[in-house]
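>>> What follows is a predicted protein model with its sequence.
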Amino acid sequence: MQVSEIMHKGVTTVNLNDSVRKVAELMRQEDIGAVPILDNNKPIGIVTDRDIVVSCVAEGYSMDKPISHAMNEDVVCVRENQDVSEASKLMKDNQVSRVLVVDEAQRPVGMISLHDLAHLNSEMEGETVKKIKH
C-alpha cells in the first residue's frame, strides 16, 4: 500500500519568518499539532505544538518573533508513492510520530502519523510506538 492511500491529504504550512503567535493560532484553527516550515516552497523545518511550548513559552521568547527559533531543521519526509512500510521505518529510525509527505518535486502534499498507521495495522503501529517511545 502506498503512503498516498493513508496520508492526510493537503498540508498547512508556514514561512520561516511567520511569528510564533501566527503559527500557534493556525495550529488552533486547523486543530493540528505540527506544521512544516517552507522556504521557496521546499520544507526546511517543522514545528510542533510542544516545540512552541518548550522553546518559546517556557523561555519567555516573544510570541511576535519568528517561528524559526522553535523549528526543528530535521524534517523527515517520505514520497507519496512510497510504500507505507517506508514511512513506518522512517518513524522508527528517526523516533518521530509523524512524517511529511512530499511529491516528486519535494513539495508538501500531506502528512502521515502513527495514528494513520494504527488504522492500517495495529500490530505495525505497536512496534513503531515501542521503537519511537523507548
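Okay, I see it.
>>> A strand includes Leu100, no?
Yes. Counting by DSSP: H, G, I helix; E, B strand; the rest coil, Leu100 is located in a strand.
>>> The closest residue to it other than its chain neighbours and Gln29: what is the separation?
Of all residues not flanking Leu100 in the chain, Cys77 sits nearest, at 4.8 Å (C-beta to C-beta, 6 or more residues apart in numbering). (C-beta placed from N, C-alpha, C; glycine too.) Distance of Cys77 to Gln29, computed by C-beta to C-beta, to the nearest Å: 24 Å.
>>> the more surrounded of the two?
Counted by other C-beta atoms under 10 Å, Cys77 and Gln29 do not tie: Cys77 has more neighbours, with 16 against 9.
>>> dump the residue contacts of that one.
43, 99-102, 106 (C-beta atoms under 8 Å, 6 or more residues apart in numbering).
>>> re earlier: what are the phi and psi angles of the residue nearest to Leu100?
phi -120, psi 150 (degrees, to the nearest 10).
>>> how near is it to Met91?
Distance of Cys77 to Met91, given as C-beta to C-beta: 12 Å.
>>> Ala87 belongs to a helix?
Yes. Counting by three-state DSSP, Ala87 is located in a helix.
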